[in-house]
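**Student:** Prediction below, plus the sequence it came from.
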Amino acid sequence: MQAHHVASRPNMHRSEKIRTPCPNWPASVHVQDGGIEERPNLSVDEIRRRLHATDLHAGGASPNNAKELGRRYRVDSDDLLQGAIVRSLCKRTCRPDLPVELFLTQIMRSVGSSVARARVRAQERRGDFEYLLGSQIAAQPVLGAEERLRLEAERRRYAGLLDEIAGGDELLTALIDGIGQGLCGSALAEFLDIDQAGLAAPRRTLKRRAQAIARRERLFRADAKELPEEGRQRG
């Protein structure tokens with residue numbers, strides 16, 4: 001049923017009010033005899049069916065939007081899109097008249113904005129990773145010159161690897177710093193001044209880069225399990 005708004009003239013009796021179509025009324029809301037009724041948002045199953053019917057391959061609308069927003073907000077486009085898909089199945093706020101591609105784009109834009117704001121704040125406390133192992137060296141009993149040189153070389157090596165993982169991104173640098181302090185979950189999000197949805201994309205990027213460098217440097221323990229398929233493919 002089409003939505004209407006009520007037009008009236010001065011001194012018009014209530015029963016004489018004119019109902020005319022309202023062109024600006026959202027499609028998810030319509031008027032019945034009993035008043036305004038809102039159509040329910042899509043369920044998780046309905047969103048999942050729409051996602052299955054959407055072209056999420058390279059060149060599709062959503063991947064292209066992810067690339068554009070990824071460049072704008074300096075976020076990996078695949079991580080951005082994957083996070084939006086997961087988020088779309090949790091938010092349950094997709095209106096029935098809203099194309100799922102637009103819904104994903106709205107989520108990606110929100111996440112990207114959150115990441116960009118957190119990155120600006122991270123610039124204020126940007127540092128490097130030269131502190132790594134410094135406290136451990138200082139806490140050691142009297143070390144011989146050879147052992148101290150070995151620990152210093154090891155510290156510099158791992159500091160360089162972490163710099164490589166961060167890739168000059170202030171937010172990833174702050175994320176590594178927070179993880180190094182033992183923070184996780186909501187405490188890590190609070191440290192970065194970002195919400196959980198915004199935290200997901202840089203964490204995926206960090207994990208993928210760390211896995212690639214760990215393979216290259218052969219840093220996995222002998223009993224470590226194989227990397228997940230995603231890590232092996234993307235490097």
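**Tutor:** Perfect, thanks for sending it. What you see is a predicted model, and the numbers here were worked out from it, not measured in a lab.
**Student:** How is this structure partitioned into domains?
**Tutor:** Using automatic domain parsing, the domain parsing of the chain gives 4-38, 44-123, 134-234.
**Student:** would CSV of these with mean neighbour count be doable?
**Tutor:** For the C-beta atoms, the positions are set from N, CA and C on the backbone; glycine is no exception. Putting those into CSV (neighbours: other CB atoms under 10 Å) gives the following:
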stretch, mean neighbour count
domain 4-38, 10
domain 44-123, 17
domain 134-234, 15
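**Student:** how about those domains in TSV, adding mean pLDDT?
**Tutor:** Converted to TSV, these look like this (pLDDT from 0 to 100):
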stretch	mean pLDDT
domain 4-38	46
domain 44-123	90
domain 134-234	79
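**Student:** Which residues outside the longest helix anywhere in the chain are in contact with it?
**Tutor:** What stands out as the longest helix in the chain, according to DSSP state H, is helix 100-123. Defining contact as CB atoms under 8 Å, 6 or more residues apart in numbering, one finds that helix 100-123 is touched by 47, 50-51, 54, 61-62, 65-66, 69-70, 72-75, 80-81, 83-85, 87-88, 91, 94, 169-171, 173-174, 192-195, 197-198, 200-202.
**Student:** try stretch 42-59
**Tutor:** 60-63, 81, 85, 88-89, 92, 94-96, 100-101, 103.
**Student:** make it 7 Å
**Tutor:** 61-63, 85, 88-89, 92, 94, 96, 100-101 (CB atoms under 7 Å, 6 or more residues apart in numbering).
**Student:** host element of residue 172?
**Tutor:** Using DSSP states H and E, residue 172 sits in helix 170-180.
**Student:** helix or strand right after that helix?
**Tutor:** For helix 170-180, the following helix or strand on the C-terminal side (DSSP H and E) is helix 185-192.
**Student:** relative to helix 100-123, how tilted is that following helix?
**Tutor:** Counting by axes from the mean of the first three to the mean of the last three CA atoms, to 10 degrees, helix 185-192 points 60 degrees away from the direction of helix 100-123.
**Student:** Mind giving me the packing neighbours of helix 185-192?
**Tutor:** Counting contacts by 3 or more CB pairs under 7 Å, 6 or more residues apart in numbering; DSSP states H and E, helix 185-192 packs against helix 170-180, helix 196-217.
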